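Enquirer: this one's sequence-less:
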Ligand SMILES: C[S@@+](CC[C@H](N)C(=O)[O-])C[C@H]1O[C@@H](n2cnc3c(N)ncnc32)[C@H](O)[C@@H]1O
């Protein structure tokens, strides 16, 4: 679908809403259907990820792109302390709803959730532990939502600086992105993958925008049909016996999201430019050691903050 005027977002979202591509609520309403449900979505990486966190002594995690709360909830259920932020109140609404429903569980009662933008993360009303968080996570292909209109990655650099600021010395950032090398080379994004793998995905159309020969933006047009969900699909946060009409009843949802397609090599140097060349940095393909999955859909970076500002690197 190509408009006569190229739009980076679904129709109806004003220009001032560019940073929040979820502002019309369309994607948020069907998000759990799109990801295949909270529990199912995390099945494939829960054990690997939680082990990795435990092996590195990580306890308190800041999820800076929590969306409806999928990864935060998985971490709370696995005994981590979690603080969550996101720029979109439409997405956060679902996380707040689940927090309220599970408030009798101590971990959920203590779960802090606030609206927060990566470009001004310091202004977010969260309690930052003394020294900083053990880890910051930005998962589910979220970071790529940050546009690079100036063409110099200045927004990306600022956001990563802000993530680093939230970490204690020796803390770790986990940040992922789709395998944009593969998408740019083939011109098509696979519709099912590690994170987004549900029967409700009817289709995803890929458009690639070049500006003066620069790979500037990828726009994906999604069609999600919640009626295709299996009988036992339960949306977290929905009352099981809710009589009221559900917001997704009878609706085939079409929404558009845009991404800044950074190749793996660019992403590596972006991270190293902020964290320092000497720090430890590992990359996983679909949460497996690099090379194990032949064509990973996602790269997940794990990068350590130096233990002191004078450059002693975490090992
Ligand atoms: C693709 S969704 C992923 C949500 C969740 N991590 C998941 O995997 O389901 C991307 C999320 O990033 C958030 N986001 C995008 N740009 C942001 C920004 N500048 N600051 C904070 N959050 C942002 C969106 O609001 C959205 O909830």
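Expert: Arrived safely, thanks for sending. What you see is a predicted model; the values in this text were computed from it and never measured.
Enquirer: my read: residue 207 touches residue 219, true?
Expert: Yes - contact criterion C-beta atoms under 8 Å: residue 207 and residue 219 qualify, at 4.5 Å. In short, each C-beta sits where N, CA and C put it, glycine included.
Enquirer: Residue 296 - how many residues pack around it?
Expert: 22 (other C-beta atoms under 10 Å).
Enquirer: what about residue 207 and residue 219, which has more around it?
Expert: Between residue 207 and residue 219, residue 219 has the larger neighbour count (other C-beta under 10 Å), namely 20 against 16.
Enquirer: how about that one, secondary structure?
Expert: strand (DSSP: H, G, I helix; E, B strand; the rest coil).
Enquirer: Is it bridged to anything, and to what?
Expert: residue 207, residue 258 (DSSP bridges).
Enquirer: What segments of the stretch 51-200 of the chain are strands?
Expert: Using DSSP state E, counting those that start in this stretch, the strands of the stretch 51-200 of the chain run over 60-63, 81-86, 112-115, 133-138, 167-178.
Enquirer: could you dump the ones you listed to a markdown table with mean neighbour count and distance to the ligand?
Expert: Listed next are the strands of the stretch 51-200 of the chain as a markdown table, based on neighbours: other C-beta atoms under 10 Å; distance: least, C-beta to the nearest ligand atom, whole Å:
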| stretch | mean neighbour count | distance to the ligand |
| --- | --- | --- |
| strand 60-63 | 25 | 7 |
| strand 81-86 | 24 | 5 |
| strand 112-115 | 16 | 8 |
| strand 133-138 | 25 | 8 |
| strand 167-178 | 22 | 9 |
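Enquirer: any chance of these in TSV, plus distance to residue 51?
Expert: Converted to TSV, these look like this (distance: least, C-beta to C-beta, whole Å):
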stretch	distance to residue 51
strand 60-63	14
strand 81-86	17
strand 112-115	25
strand 133-138	14
strand 167-178	13
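Enquirer: May I see those strands organised as JSON lines, with mean pLDDT added?
Expert: Conversion of the strands of the stretch 51-200 of the chain to JSON lines gives the following (pLDDT from 0 to 100):
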{"stretch": "strand 60-63", "mean pLDDT": "98"}
{"stretch": "strand 81-86", "mean pLDDT": "98"}
{"stretch": "strand 112-115", "mean pLDDT": "96"}
{"stretch": "strand 133-138", "mean pLDDT": "98"}
{"stretch": "strand 167-178", "mean pLDDT": "97"}
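Enquirer: For residue 5, report the pLDDT, please.
Expert: Looking at residue 5, its pLDDT is 54.
Enquirer: what number of residues lie near residue 230?
Expert: Residue 230 - counted by other C-beta under 10 Å - has 11 other residues nearby.
Enquirer: before we move on, what about residue 214?
Expert: Other residues close to residue 214 by other C-beta under 10 Å number 10.
Enquirer: Contact partners for the closest residue to residue 123 other than its chain neighbours?
Expert: Distances taken as C-beta to C-beta, 6 or more residues apart in numbering place residue 116 nearest to residue 123, at 7.6 Å, with adjacent residues excluded. Applying C-beta atoms under 8 Å, 6 or more residues apart in numbering to residue 116 gives the contacts 64, 85-87, 123-126.
Enquirer: switch the cut-off to 7 Å
Expert: 85-87, 124 (C-beta atoms under 7 Å, 6 or more residues apart in numbering).
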